[in-house]
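[1] coordinates only, sequence not included:
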């Protein structure tokens, strides 16, 4: 449709009815470039607003308004996006002033980014091209959206590229990426040189038999047809030469394949190990933006793909190149004119390889991203299989896997359409080349310029030449797969940790346990989480961190553990900035007990000794006794050698927590972090865990987080946080007497506990019927948040 033909009939396909707003607000010569629908107003109430980008202005109208607002286009205008707590912000700015702002849920992020991209492209070309886009391309957000397998952002189901990932991964894959693998191949350069020499010799040996066909034809077979006798000695020498060259080629081929396969396997193993070791050194910030299945696919399937390329296809490619070069030299030495005719199809084949290589490059990148969707489903459902079965969602998860698998199949089918045409086309061109050689060769024989033996040898060499050319063209696919995999691997290896190791780390002294935070600031992106926080914690002191959810308690603990580094200010251990210590040396002095303890698949003793693998059985038992875990461990079938199952699923929550406490006790840390260690267990188990924690905190600098304020009565000081800042510090009794922020939190919990107790006392002892009263659902983003 023409962009300026805006009538009520043209508006019927929009997400909501705009006919009441009329179409007269558009100028007759105004062309629409893009539009997007956002779903929140300035009060975070769910109201749809349509933003329209034309070649003359930006237009905004929401569902409840009768007026259209517009801002004339200006080359200095910018569109900026940000997000906080699940709410995105899109702002129109010019000359340092905010002209307008719109809010949206992050489900609209992909569409907003497409709108922003169109806006920026329009500004780059000086607002001169208003013909791009039309109302005909508008798709209501959410109707046909898919989910990006990597970042989980919504994307158009008809597209394979996610705009969110495109902003992060805008560097194209190049075959040159494979040269980065030299750092892994360099330790084996001696074996590689040997493999190259063997490849050269084996290739030369395979070129001997066609050369021997010339004298066999011209000196034996053709004279025999003309009535001459065959000399058995001459024939024997020729046949022995054919057998000897074949035997040498076989032996050299076997040795070089074995040598290069050993090298490639070791290069692949070193690549996997190095990638995993580097991954372990990256900060939590990196893992927060990645999905487990995607990382597993990179270290697993991508390194395996590179390994296959190095062990098989690279060897074939080297052999093909040597064979083509050596064959070309022999052909030119036999007859230059006929050799030039042989090379006629080469320019077209080279052009075809270039075109297909570009399509394969983008295609394999899409396949990698889509395949990570499949692995992500597995990484989600297998660890969470108990939840899947508890909610009877087996069919739903199977459907989710089937959809991911079909998406992967569709992307592969599109790529295979290109690849399936390429191979037969190259074969067809080589057959034409062979036909041309036959025709030109027969003409030369008829002119007595070459003999039949020369033509026969030529055809034998041509067959090998074109076979290697066809083989080399087919390696393009494997090369692009390996290049795509290498790019994804080096995205990990080239990533610099946001928690770097010091160049000259200070040796770790005998730690006393004094922690000092001075004007510490920390930001997640553009969002300030910790602001100008200063706190001094004495050795052996127990500090309780309290505050509303989102006040910065867990972030503060993460900074103390150096999972993240402060943006400004510093954190000191015994007067020394913790960034001057080696990360591993510093963390060996910290014991961490989490709300949800993580146990590895293995025995009980292996999990307790995780932080100190060299611990003796006596030390492990002593730690378990102190953690009040010894008794239940002895009741297990194999005692300390019993398997705990995947993530400790064979144990109860309280048992897992006590093993986690024993694990922290065993390393004897000077600093102890307790993050909601008793929040998810029953009262009886909480008493057992509390007794274990009393043993654990004794004589150690302890920082404890708890929402149940009653569990922090033993703390020497309570630190009350709000919006990333400390608002109160002091003992429990003093803070209650001050009737400040802590007192309000404490009173609110007391009232809640009393109300819950009153409700329980009034409940009759009857069977509970299914809920039949409708539940009031929130309708604003504020209520949800």
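    On my side now, so go ahead. All of these numbers come straight from a predicted model, not from anything done at the bench.

[2] Next, the spatially most central residue of the chain: secondary structure please.
    With distances taken as Cα atoms, centre = their mean, residue 294 lies nearest the centre of the chain, 4.4 Å away. Three-state assignment for residue 294 (DSSP: H, G, I helix; E, B strand; the rest coil): helix.

[3] What separation is there between it and residue 374?
    For residue 294, the distance to residue 374 equals 11 Å [Cβ to Cβ, to the nearest Å]. Every residue, glycine included, has its C-beta placed from N, CA and C.

[4] Residue 747 now?
    Applying Cβ to Cβ to residue 747 and residue 374 gives a distance of 52 Å.

[5] Give me the more crowded residue out of those two.
    residue 374 (18 against 12; other Cβ atoms under 10 Å).

[6] what separates the more buried one from residue 96, distance-wise?
    In terms of Cβ to Cβ, residue 374 sits 47 Å off from residue 96.

[7] Regarding the residue lying farthest from the centre of the chain, what are the backbone dihedral angles?
    For the chain, the residue at maximal distance from the C-alpha centroid (Cα atoms, centre = their mean) is residue 227, at 75.3 Å. Main-chain torsions, residue 227, degrees, to the nearest 10: phi 100, psi 0.

[8] same check, this time on residue 95
    Per degrees, to the nearest 10, the backbone of residue 95 is at phi 50, psi 40.

[9] Also residue 563?
    Torsion angles, degrees, to the nearest 10, at residue 563: phi -70, psi -30.

[10] number of nearby residues for it?
    18.

[11] didn't it look like it was pressed against residue 498?
    No. With contact defined as Cβ atoms under 8 Å, residue 563 does not reach residue 498; the gap is 9.8 Å.

[12] Give the residues shared as contacts by the two.
    Residues touching both residue 563 and residue 498 (Cβ atoms under 8 Å, 6 or more residues apart in numbering): residue 283.

[13] secondary structure element for residue 519?
    Residue 519 is part of strand 515-524, with elements assigned from DSSP states H and E.

[14] What residues of whichever helix or strand comes after that strand count as buried?
    On the C-terminal side of strand 515-524, the closest following helix or strand by DSSP H and E is strand 527-537. Across strand 527-537, burial judged by 16 or more other Cβ atoms under 10 Å covers 528, 529, 530, 531, 533, 535, 537.

[15] what about stretch 341-348, distance to the chain center?
    Here stretch 341-348 shows a centroid-to-chain-centroid distance of 43 Å under the convention Cα atoms, centre = their mean, to the nearest Å.

[16] same check, this time on stretch 316-326
    Worked out by Cα atoms, centre = their mean, stretch 316-326 lies 36 Å from the chain centre.

[17] same thing with stretch 717-734?
    With Cα atoms, centre = their mean, you get 39 Å for stretch 717-734.

[18] one step back: parallel or antiparallel, list what pairs with the strand holding residue 519.
    Paired neighbours of strand 515-524 in the sheet (DSSP bridges): strand 527-537 (antiparallel), strand 568-573 (antiparallel).

[19] Which positions in that strand come out as buried?
    515, 516, 517, 518, 520, 522.

[20] Show me which of these is closest to residue 448.
    Of all those, residue 448 sits closest to residue 522, with 88.8 Å by Cβ to Cβ.

[21] Spatially, what comes nearest to residue 498 if we skip its sequence neighbours?
    residue 283 (4.6 Å; Cβ to Cβ, 6 or more residues apart in numbering).

[22] pretty sure the one you found is touching residue 495, no?
    No. The pair residue 283 / residue 495 is not scored as a contact, 9.9 Å apart, by Cβ under 8 Å.

[23] I'd like the next helix or strand past the lengthiest helix in the chain.
    Counting by DSSP state H, the longest helix found in the chain is helix 394-446. Next along the chain after helix 394-446, taking DSSP H and E as the criterion, comes helix 452-493.

[24] Quick one: list the elements packing against that following helix.
    Packing contacts for helix 452-493, counted by 3 or more Cβ pairs under 8 Å, 6 or more residues apart in numbering; DSSP states H and E, involve helix 208-215, helix 232-281, helix 303-308, helix 314-334, helix 336-342, helix 346-381, helix 394-446.

[25] Adding distance to residue 630 and mean pLDDT, write those out as CSV.
    Formatted as CSV, the helices and strands packed on helix 452-493 follow (distance: least, Cβ to Cβ, whole Å; pLDDT from 0 to 100):
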stretch, distance to residue 630, mean pLDDT
helix 208-215, 77, 80
helix 232-281, 32, 86
helix 303-308, 43, 79
helix 314-334, 57, 79
helix 336-342, 82, 79
helix 346-381, 35, 74
helix 394-446, 39, 80
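
[26] just checking, which of those sits deepest inside the structure?
    Mean neighbour count (mean count of other Cβ atoms under 10 Å) peaks for helix 303-308 among the helices and strands packed on helix 452-493, with a mean of 20.

[27] what packs against it?
    Using 3+ Cβ pairs under 8 Å, 6+ apart: helix 303-308 touches helix 232-281, helix 452-493.

[28] what separates the longest one from the chain centre, distance-wise?
    Taking Cα atoms, centre = their mean, one finds helix 232-281 lying 35 Å from the centre of the chain it belongs to.

[29] what pLDDT, on average, does whichever helix or strand comes after that helix get?
    Elements were assigned by DSSP H and E; along the chain past helix 232-281, the next helix or strand is helix 284-288. Averaging pLDDT along helix 284-288 yields 78.

[30] what's helix 284-288 in contact with?
    Outside helix 284-288, the residues within contact range by Cβ under 8 Å, 6+ apart are 495, 497, 498, 558, 563, 564.
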